[in-house]
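1. coordinates only, sequence not included:
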């Protein structure tokens, strides 16, 4: 059974929802931290990986960052907190960093970080 056309037209306007009174927010999820992993020459390291923990007690175990390809990783979605991130790649020394993520009325403000890994 096909849904009525009126219902389809009404759902097209769902992306704008109020998060706070008088503020229209989108329903998209924003990355908390986006990493670009490169070597000392600035070339991306496509096989890099990373894990993260956040300071709040609700995330006690390390989480894997998502690999978006081409040396780009996303650590967390819509999480405001201090992220402790460990980045590694075969043939490179691991690097640990701390990133503070804040937000506005609707979403986190994505922290975009370039991580330079040195050869092991």
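-> Okay, I see it. These numbers come from a predicted model, not from an experiment.

2. nearest spatial neighbour of residue 44, skipping sequence neighbours?
-> residue 71 (3.2 Å; Cβ to Cβ, 6 or more residues apart in numbering). (Glycine included, C-beta is placed from N, CA and C.)

3. Can you verify my assumption that the one you found contacts residue 37?
-> Yes. Using Cβ atoms under 8 Å, residue 71 is in contact with residue 37, at 4.6 Å.

4. what sits against residue 119?
-> 39-40, 91-93 (Cβ atoms under 8 Å, 6 or more residues apart in numbering).

5. Most neighbours of all these, which one?
-> residue 92 (19 neighbours; other Cβ atoms under 10 Å).

6. so what's it up against?
-> 39, 45, 48, 117-120.

7. if I look at the residue most central in space within the chain, how far off is residue 98?
-> When Cα atoms, centre = their mean is applied to the chain, the residue found nearest the centroid is residue 31 (2.8 Å). For residue 31, the distance to residue 98 equals 17 Å [Cβ to Cβ, to the nearest Å].

8. neighbouring strands for the helix or strand hosting residue 86, and are they parallel or not?
-> Per DSSP states H and E: residue 86 is located in strand 81-88. Using DSSP bridges, strand 81-88 pairs in its sheet with strand 49-54 (antiparallel), strand 95-101 (antiparallel).

9. Counting neighbours, go ahead and name the busier of residue 71 and residue 37.
-> Counted by other Cβ under 10 Å, residue 71 and residue 37 do not tie: residue 37 has more neighbours, with 26 against 21.
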